[in-house]
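1. The following block contains a protein sequence and its predicted model.
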Amino acid sequence: MVVGLGPAGLELTPPGSIEALRSAPRSFARTANHLAAQQLSADPAFGSLSFFDHLYQSERSFEEVYTAIAETLVAAASAAGSVAYAVPGSPLVLERTVELLREDPRVEA
């Protein structure tokens, strides 16, 4: 499941997004550079949230970063049964990783 974190902190994050991240077998966020993601990862009651910031340093282009994120998410979902993936703002606004996931035949809509 792909969810949006909204524009700022948890007070502006849709409750359904928080619940999806809490209940998924594995939860990911595109970046830790978002207030809501930081607040969730700092909450000991939340559990684990994995980030992809390291890929921005290791890959040569943004397209390689986004492809690596999509591949990691597909592999994790295959292993865990499902995952939750959070992006800043809305998943439908300028999110290349979401486009790649929606185009991938291995991903259920």
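-> Sure, I can see it. Only a predicted model underlies this, so the values are computations on that prediction, with no experimental measurement involved.
2. so L21, which of the three states?
-> Classification of L21 by DSSP: H, G, I helix; E, B strand; the rest coil places it in helix.
3. Look at the residue of the chain positioned farthest from its centre and report its pLDDT.
-> Farthest-out residue of the chain from its mean C-alpha position, per CA atoms, centre = their mean: R60, at 20.7 Å. Per-residue confidence at R60 stands at 94 (pLDDT).
4. list the contacts for G4?
-> For G4, the contacting residues are 13-14, 17, 86-91, by CB atoms under 8 Å, 6 or more residues apart in numbering. Every C-beta, even on glycine, is put in place using the N, C-alpha and C of the backbone.
5. Give me the nearest residue to it, chain neighbours excluded.
-> Excluding its sequence neighbours, the residue lying closest to G4 (CB to CB, 6 or more residues apart in numbering) is S90, at 4.4 Å.
6. burial of that neighbour, as a residue count?
-> Using other CB atoms under 10 Å, the number of residues around S90 comes to 15.
7. Please apply the same query to the one 10 residues further on.
-> By other CB under 10 Å, the residues close to L100 number 18.
8. Are we agreed that it is in a helix?
-> Yes - according to three-state DSSP, the state of L100 is that of a helix.
9. Just give the nearest non-adjacent residue to it, would you?
-> Using CB to CB, 6+ apart and skipping the chain neighbours, the partner closest in space to L100 is A70 (4.1 Å).
10. cool, R96 as well?
-> Y66 (4.4 Å).
11. Is it possible to get a markdown table of the contacts of G4 that adds pLDDT, secondary structure and distance to G4?
-> Output for those, formatted as a markdown table (pLDDT from 0 to 100; DSSP: H, G, I helix; E, B strand; the rest coil; distance: CB to CB, whole Å):
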| residue | pLDDT | secondary structure | distance to G4 |
| --- | --- | --- | --- |
| T13 | 94 | coil | 8 |
| P14 | 95 | coil | 7 |
| S17 | 95 | helix | 6 |
| A86 | 97 | strand | 7 |
| V87 | 97 | strand | 6 |
| P88 | 95 | coil | 8 |
| G89 | 93 | strand | 6 |
| S90 | 93 | coil | 4 |
| P91 | 91 | coil | 5 |
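12. Fine by me, thanks again.
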